[in-house]
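**Student:** next comes the sequence, and after it the predicted model I'd like to discuss.
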Amino acid sequence: MAQIYTLQFQVEPAEELDWKFALLADQDYNYGNTNDWFGYFRGGLYGFYARLKGCMLHYDALHVWLPQPQSPTYTESHLASFFFNADSALECLTFAINALGNCIDPAAFVDVSNDDSLRKINPENIIGAPTKKPPLPGYAKYFPTFQDHWVKNHSLIETIMDHHDVSKHRQTIYRGGRLRLDPPPGYPADFGPHAEIILQGDPRVHHSRQPTASASGHTLLEQLAPDYCDFINTAVKLALADARTNIPLKVQQFRA
């Protein structure tokens, strides 16, 4: 069976969380829109959608046949852009969920009414930071299965963040790989896009401690990206389920 080089993000639960839950919570007969929490919620969510679109576009660009060879510079450009969007999507989703939490329990989340506090919203609010600070209490109370999902996938999240940080601030993260050998009619085989892209196993450690590109311990984008896609698809389902279970609404339906 041929490998499929596309990412299928399923954001319908996030859309339902927006239009059928958060918008209802925003009404005056429920929580109202104190501190414009709903504006921050929807802004974060729309940023989240845009970043996922970026993930799909750049992942596709690395694997699609083009009428020209794909240089290492082309590869690194799209690879770095993929990780920017993947990391930013995590940040934007955190921003949206934090804003929703603010509507019921502002003290348990980061304050969205304060400019300085807004800069403190990040995934560490959900999963905590080792030896630094625990997660914010609101996640365990209002989004427990969502939080548990993030904690269980801490290694995946950290890998995304590390590759984004290193590609943004330090150096290339592309180490090699192999090309596709299934050219469409009229395309030379040496124009092949990537079948596998080998990433640095741990981009933050010294080169001398990196596994060689041929070693079994390397990280493949084609394994990491689908895992990330599955993580996101599950996360939005759990966010919707947790909100419905743990955030009570006085009025369950929109009033005319």
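**Tutor:** Received it, and whenever you're ready, just let me know what you need.
**Student:** roughly how far does residue 76 sit from residue 163?
**Tutor:** Per CB to CB, to the nearest Å, residue 76 is found 12 Å from residue 163. In this view, the C-beta of every residue, glycine as well, is placed from N, C-alpha and C.
**Student:** more neighbours: which of those two?
**Tutor:** residue 163 (26 against 16; other CB atoms under 10 Å).
**Student:** test my guess that the more buried one contacts residue 199.
**Tutor:** Yes: judged on CB atoms under 8 Å, residue 163 makes contact with residue 199 at a distance of 6.3 Å.
**Student:** burial count for the closest residue in space to residue 135 that isn't next to it in sequence?
**Tutor:** Spatial nearest neighbour of residue 135, chain neighbours left out: residue 128 (4.3 Å); criterion: CB to CB, 6 or more residues apart in numbering. Using other CB under 10 Å, the number of residues around residue 128 comes to 18.
**Student:** same check on residue 232?
**Tutor:** 23.
**Student:** ramachandran angles for it?
**Tutor:** phi -60, psi -40 (degrees, to the nearest 10).
**Student:** give the contact list for it.
**Tutor:** 9, 52, 89, 93 (CB atoms under 8 Å, 6 or more residues apart in numbering).
**Student:** go again using 6 Å as the cut-off
**Tutor:** By CB atoms under 6 Å, 6 or more residues apart in numbering, residue 232 lies in contact with residue 9.
**Student:** that one and residue 93, how far apart?
**Tutor:** 8 Å.
**Student:** from the contact counts, what lies against the longest helix anywhere in the chain?
**Tutor:** Of all segments of type helix in the chain, defined using DSSP state H, the longest is helix 72-104. Packing partners of helix 72-104 (3 or more CB pairs under 6 Å, 6 or more residues apart in numbering; DSSP states H and E): helix 37-63, helix 154-169, strand 174-179.
**Student:** closest one to residue 236 among those?
**Tutor:** Of all the helices and strands packed on helix 72-104, helix 37-63 sits nearest to residue 236, with 8.7 Å by CB to CB.
**Student:** how big is the angle separating the closest one from helix 72-104?
**Tutor:** If you take axes from the mean of the first three to the mean of the last three CA atoms, to 10 degrees, helix 37-63 sits at 160 degrees to helix 72-104.
**Student:** helix 37-63: how far from the chain's middle?
**Tutor:** The chain centre lies 8 Å from the centre of helix 37-63; the measure is CA atoms, centre = their mean, to the nearest Å.
**Student:** hey, which helix or strand in the chain has the poorest pLDDT?
**Tutor:** Ranked by mean pLDDT, DSSP states H and E, the weakest helix or strand in the chain is strand 174-179, scoring a mean of 75.
**Student:** coming back round to it: so which bits of the longest helix of the chain are buried?
**Tutor:** 75-104 (16 or more other CB atoms under 10 Å).
**Student:** average pLDDT across it?
**Tutor:** The average pLDDT within helix 72-104 is 94.
**Student:** ok, stretch 233-248 next?
**Tutor:** 98.
**Student:** do the same with stretch 192-212
**Tutor:** Stretch 192-212 comes out at a mean pLDDT of 66.
**Student:** go on, stretch 134-141?
**Tutor:** pLDDT averaged over stretch 134-141 gives 96.
**Student:** and that stretch, which residues are buried?
**Tutor:** 135, 136, 138, 139, 141.
**Student:** how about the second one, phi and psi?
**Tutor:** This means residue 136. Dihedral angles (degrees, to the nearest 10) for residue 136: phi -70, psi 140.
**Student:** kindly report the same for the first one.
**Tutor:** Per-residue torsions, residue 135: phi -60, psi 160 (degrees, to the nearest 10).
**Student:** is it true that it touches residue 124?
**Tutor:** No: applying CB atoms under 6 Å, one finds residue 135 not in contact with residue 124, separated by 7.7 Å.
**Student:** report pLDDT for residue 173.
**Tutor:** 57.
**Student:** and residue 51, by the same measure?
**Tutor:** On the pLDDT scale, residue 51 gets 98.
**Student:** identify the residues contacting the nearest residue to it once chain neighbours are set aside.
**Tutor:** Nearest residue to residue 51, sequence neighbours excluded (CB to CB, 6+ apart): residue 89, at 3.8 Å. Going by CB under 6 Å, 6+ apart, residue 89 touches 48, 51, 52.
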